[in-house]
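A.B. asks: Take this sequence and fold it.
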Amino acid sequence: MKKIVISLGIIVLFSMAIITIISFAQFDNSYKINPNNLVDMTSEQIIYYIQEKQLNQTPIFSYLFPFFSFAGILIGLLVFYIMSLDIEKNEKKDKKIHSSLLRYLPPDERLVMQEILENNGRVNQYEISRLPGMNKVKSHRAIEKLVQRGVVKKESIGKINRIVLVEE
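C.D. replies: Okay, the predicted model is just below:
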């Protein structure tokens, strides 16, 4: 996912750079007043000429808009990259902690806890009983032991039990 977002960002940045270069290359200097044109004019004609030039000139901001867009996207990509590195580092740290704690559980409870952790702390009991090496009785006993230890809790949703990791 991170590679896709960064790749798309680079493509957008490249296109914005091209647009910026093209817009500056086509920058129209016609708003400048040529003093040679003012020699034979009266003061009213000079004022009219200057006003006409001011009305017809393109604002400089319209040429800088692609540059500001380019800078904003670049900053956003950098923040995304830095934040994703931090998130990945925290996820690896959590996995190490989880794996070291799971070593101390019996095999059936370890299997249940791995399934719960893989599903963001929530899983239905019937999903646990369908795991390899588990059945309804084994899953029920393993879940009950984990409930007694205070690691997970059961939530009844109609006829289904949802097993939820206790957050403390």
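A.B. asks: tell me the mean pLDDT over the lengthiest helix in the chain?
C.D. replies: When the chain is scanned for its longest helix (criterion: DSSP state H), the result is helix 60-102. In this model, helix 60-102 carries a mean pLDDT of 79.
A.B. asks: Tell me the first helix or strand C-terminal of that helix.
C.D. replies: Reading on from helix 60-102 to the C-terminus, the next helix or strand found by DSSP states H and E is helix 107-118.
A.B. asks: got the buried residues for that following helix?
C.D. replies: By neighbour count, and taking 16 or more other Cβ atoms under 10 Å as the criterion, the buried residues in helix 107-118 are 108-113, 115-117. Glycine gets a C-beta too; all of them are placed from N, C-alpha and C.
A.B. asks: ok, now how distant is K96 from D40?
C.D. replies: When distance is defined by Cβ to Cβ, to the nearest Å, K96 is 84 Å away from D40.
A.B. asks: Mind checking which of the two has more residues around it?
C.D. replies: More neighbours sit around K96 than around the other of K96 and D40, counting by other Cβ atoms under 10 Å; the figures are 10 against 7.
A.B. asks: Which segments of this protein make up each domain?
C.D. replies: Domain segmentation of the chain under automatic domain parsing yields 2-100, 105-165.
A.B. asks: Quick one: end-to-end length of the shortest one, please.
C.D. replies: By Cα to Cα, to the nearest Å, the extent of domain 105-165 from end to end equals 15 Å.
A.B. asks: Now that domain: average pLDDT?
C.D. replies: Per-residue pLDDT values across domain 105-165 average out to 90.
A.B. asks: picking up where we left off before, tell me which of the buried residues of helix 107-118 is nearest to A17?
C.D. replies: Top of the list for closeness to A17, among the buried residues of helix 107-118 and by Cβ to Cβ, is L117 at 43.9 Å.
A.B. asks: Check the gap between the closest residue to the closest one other than its chain neighbours and P35 for me.
C.D. replies: Setting aside the residues directly before and after it, L117 is nearest to H98 in space (Cβ to Cβ, 6 or more residues apart in numbering), at 5.6 Å. From H98 over to P35 the distance is 78 Å, taken as Cβ to Cβ.
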